[in-house]
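In: My questions are about this predicted structure, shown below with the sequence.
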Amino acid sequence: MDLYEYQARELLEEQGIAVPRAIFAQNSHEVAAAADEIGYPCVIKAQVKTGHRGQAGGIKLAANRDDAILTSEQILPMSIHGHKCSGVLVTEAKNILHEYYVSISVDRASRDFDVLATAHGGTEVETIAKQHPEAVKRLHIGALEDFDLAAATEMAKSIGFYHADVHQAANILLNMWRVFKENDATLVEINPLAKVGDPDDEASKSLSALDAKISLDDNAAFRHNGWIRFADPVQTDPYEQQAREHGLHYVHLNGEVGVIGNGAGLVMSSLDAVSGAGEEQGTGIKPANFLDIGGGATAEVMSRSLSIVLSDPQVASVLVNIYGGITRCDVVAEGILEALKTINSAKAIVIRFDGNAAAEGLATIDAAHNPRLHVAPTMEDAAQLAASLASQLSAVSLGVLPERSVSVETSQEGR
Amino acid sequence: MTLFINPQAKVIVQGMTGHQGMTHTARMLAAGTDIVGGVNPRKADTSVSFDDAQGHTIDIPVFANCQIAKDATGASASVIFVPPRFAKAAIVEAIEAHIELIVVITEGIPVSDTAYCVALAQEQGCTIIGPNCPGLITLPNNDDVKGTNLGIIPDGIVTSGPLGLVSKSGTLTYQLMGELADIGFTACLGVGGDPIVGTTLLEALQAFESDDNTKACILIGEIGGDAEQEAAQWAHQHMTKPIVAYIAGFTAPEGRQMGHAGAIVSGGKGTAQAKQEALEAVGIRVGKTPGQTAEIMREVLAGAGQ
């Protein structure tokens, strides 16, 4: 789970990392009140779970109350890189003297944790990391080890924090590690970690976390009751919400073929096959979703999955791709028929069964004599059929084709 | 040569008395795996009845912990089915009892728990397969070596043959096993779909490379991380046996997790495209679909005079 900036700041503050004063606001009245309290000039920042907000016009300086209201009215309705803005953060405008980048993340390759830091923070950090990789310092923290002040100080010195800042920087690194460990995070990133203050007054200078990105490990939710405060109902896709309530792995996509399968790898593979078929057939048909019913699914799980997928108006046909290992294809077949009892939908469903109880499952489908159910012998054939049915059904609904032209050969052969 | 596990190895099941544990212990026993005990501190000194491979009813004892189970039975491998919140303690217990091979089926273990367990296992010289994986199956061969099934991979769909298979995905493992059932396998293992896993794709290839009976390998990867690229580099320098690969997730959108905790394209890294390119750059052919991957493997075997 990725956090919004205003949520990430909370976790940093809890560990004593300095952040600018800020108030989260969701409409222009709240913004005006917040800005009055923070003082002028202040910064209005779009709260979206994606990067490059600044370049997209999602971060603006407001000189006075009217300016703050006007700016927030521009930012609040924005969508940045497909992410709807959930509100704005009104923050103190700090005088920035220098920008650093620091992060702690899970390192998949070395199977431990990775502290990354550079004295060249800010919006250009990715370019700098590419062009001058030597400017980015890296320290591994072993999974059986801990991170201490001595190691943090060494790291702070190595990236060239100005002498007087080393102690504060080391403490920030150590506190970031605490945020990381105590919250089961997979990423804690501060960019920029800025040196702020009056350039002529040494005593006023300090390090402040001007922006932060934190991702939490969803698998650890069972030991963090407090995560309920990070729930984001405003942004949730209704189909994803419904699927999650039933413990299904579902991702909503932009295409026309609903895809249901067992096992994440097989479902991803099915998406690729549908997309490939759409390209080959020249229709550009694409998968509408990813839905993994998991191992050993019951008829009820299958039935519910099919109901969710069929209720999506974007879906023109459905591909059900099952390789029965623990999952029994005959149970899946029952689930499909169960769902169709209650749903009145003209959408075609293409089924491919293989493995455990495939023959029994195909017999059940066959016996149902439902003209909307089609069977294909392989995953590739099933994807081709689902894609072509989707393009024909889309054409019908657009009025391009008369309805009765929808007829596709079906194969009842299992393997 | 024995792949990953001695076929005579005695095996315990942590979480045997749970629903998953019971179902799969019965299956593993029927497949010929020598399961000698279960572990559950609340059900210590009881036993559970199962049918063995010959159809005889046998009582499998339940022990309070791994050390007691090992002392009583001489077990050297464990299969773990305990729920995510207890998984770390279960794995640590197995490592501390110096169980040589620990197969973790559990899905949904926090990544920091896995990182801890994998590091501890390395320090103590134990091997972990998984977590969030279907496990390991080795096939019985002509030299009277019996097979073992540790986990949830369906047996009976393949027989012994010259192929080795390593995969990040459970169902795609079964799919390719099914596609190439007529050729057969030495061993198939799923390494799991989490960001951090015990045995890596590369380590599995190393094992197949040093196994005399394995003549060619299938590698099934998916989006996320760069384990496929790392395996490709190693194979290029060290592998003498042909590899055919398949990668899932070309259509996965960036930033969205596709089922597996590790299957996510983030910051433009870990794409299926990048993996395919890395594999092809070192001469490993990559199938577009599981079906085509099997076809390529047939061609490769024909070309190698098999």
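Out: Perfect, I can see it now.

In: What is the longest helix of chain A by residue count?
Out: For chain A, the longest helix by residue count, based on DSSP state H, is helix A:379-397.

In: what's the pLDDT at the residue lying closest to B:A44 once chain neighbours are set aside?
Out: Distances taken as CB to CB, 6 or more residues apart in numbering or on different chains place B:A64 nearest to B:A44, at 3.7 Å, with adjacent residues excluded. C-beta here means a position set from N, CA and C on the backbone, and glycine is covered the same way. In this model, B:A64 is scored at 97, pLDDT.

In: Surely B:A64 is in contact with B:T46?
Out: No - using CB atoms under 8 Å as the test, B:A64 is too far from B:T46 to be in contact (10.6 Å).

In: low pLDDT regions in chain B?
Out: Within chain B, the segments meeting pLDDT under 70 span B:1, B:143, B:304-306.

In: That one: helices as residue ranges?
Out: For chain B, applying DSSP H gives helices covering B:19-30, B:66-73, B:84-96, B:111-124, B:170-179, B:201-209, B:227-238, B:272-281, B:290-303.

In: Show me what the fourth one is packed up against.
Out: Just to be clear, that refers to helix B:111-124. Applying 3 or more CB pairs under 8 Å, 6 or more residues apart in numbering or on different chains; DSSP states H and E, one finds that helix B:111-124 contacts strand A:96-107, strand A:112-118, helix B:84-96, strand B:127-129.

In: what number of residues lie near residue 70?
Out: Here I'm looking at chain A. Neighbours of A:L70 under the rule other CB atoms under 10 Å in any protein chain shown: 16.

In: Switch to chain B, please.
Out: B:K70 has 22 neighbouring residues, counting by other CB under 10 Å.

In: With the one 3 residues further on instead?
Out: Using other CB under 10 Å, the number of residues around B:T73 comes to 18.

In: nearest spatial neighbour of it, skipping sequence neighbours?
Out: B:V36 is the one closest to B:T73 (CB to CB, 6+ apart), at 4.1 Å.

In: need the next SSE after the helix or strand hosting A:A363, C-terminal direction.
Out: A:A363 is located in helix A:358-368, with elements delineated by DSSP states H and E. Next along the chain after helix A:358-368, taking DSSP H and E as the criterion, comes strand A:373-375.

In: pLDDT on that following strand, on average?
Out: On average, strand A:373-375 scores 97.

In: list the helices and strands that strand packs on?
Out: strand A:348-355, helix A:358-368.

In: quick one on the thing from earlier: list the buried residues in the longest helix of chain A.
Out: A:379-396 (16 or more other CB atoms under 10 Å in any protein chain shown).

In: Over to stretch A:158-169?
Out: Those would be A:I159, A:G160, A:F161, A:D165, A:V166, A:Q168, A:A169, for stretch A:158-169 by 16+ other CB under 10 Å.

In: Okay, now it: how far is its last residue from its first?
Out: Start-to-end span of stretch A:158-169 (CA to CA, to the nearest Å) is 11 Å.

In: How about stretch A:291-307?
Out: Using CA to CA, the span of stretch A:291-307 from its first residue to its last is 12 Å.

In: Count the neighbours of residue 238 for me.
Out: Since you didn't name a chain, this refers to chain A. 11.

In: think we crossed wires, I meant chain B
Out: Neighbourhood size, B:H238 [other CB under 10 Å]: 11.

In: residues contacting the closest residue to it other than its chain neighbours?
Out: Residue nearest to B:H238 in three dimensions, not counting chain neighbours: B:E209, with 6.8 Å by CB to CB, 6+ apart. When contacts are counted by CB atoms under 8 Å, 6 or more residues apart in numbering or on different chains, B:E209 touches B:H238, B:M239, B:T240, B:K241.

In: what's the distance between B:E209 and B:V197?
Out: According to CB to CB, to the nearest Å, B:E209 and B:V197 sit 19 Å apart.

In: Pull the number of nearby residues for residue 30.
Out: If you meant another chain, say so; for now it's chain A. By the criterion of other CB under 10 Å, A:E30 has 16 neighbours.

In: Let me rephrase: I mean chain B.
Out: Neighbours around B:A30, by other CB under 10 Å: 17.

In: For B:G147, see how far away the closest residue to B:N141 other than its chain neighbours is.
Out: Among residues not flanking B:N141 along the chain, B:S160 sits closest, at 4.3 Å (CB to CB, 6+ apart). According to CB to CB, B:S160 stands 8 Å off from B:G147.

In: Which residues of the stretch 51-200 of chain B lie near chain A?
Out: Selection of the stretch 51-200 of chain B residues close to chain A by CB under 8 Å from any CB of the partner chain yields B:84-85, B:108-112, B:115-116, B:118-120, B:123, B:134, B:152-154, B:157, B:167-172, B:174-175, B:178, B:193, B:195-196.

In: Just the buried ones from those?
Out: Buried subset of those (neighbour count, 16+ other CB under 10 Å): B:84-85, B:108-112, B:115-116, B:118-120, B:134, B:152-154, B:157, B:167-172, B:174-175, B:178, B:193, B:195-196.

In: mind listing the helices in chain A by residue range?
Out: For chain A, the helices defined by DSSP H cover A:5-14, A:28-38, A:65-75, A:125-131, A:149-158, A:166-182, A:238-245, A:264-280, A:299-310, A:329-342, A:358-368, A:379-397.

In: got the ones you listed as TSV, with mean pLDDT and distance to chain B columns?
Out: Shown next, in TSV, are those (pLDDT from 0 to 100; distance: least, CB to the nearest CB, whole Å):
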stretch	mean pLDDT	distance to chain B
helix A:5-14	96	16
helix A:28-38	97	28
helix A:65-75	96	21
helix A:125-131	83	8
helix A:149-158	93	17
helix A:166-182	96	7
helix A:238-245	90	10
helix A:264-280	97	2
helix A:299-310	96	13
helix A:329-342	96	12
helix A:358-368	96	10
helix A:379-397	88	5
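
In: Can you tell me the closest non-neighbouring residue to the residue sitting furthest away from the middle of chain B?
Out: Distance from the C-alpha centroid of chain B peaks at B:D45, with 30.2 Å (CA atoms, centre = their mean). Among residues not flanking B:D45 along the chain, B:V62 sits closest, at 7.2 Å (CB to CB, 6+ apart).
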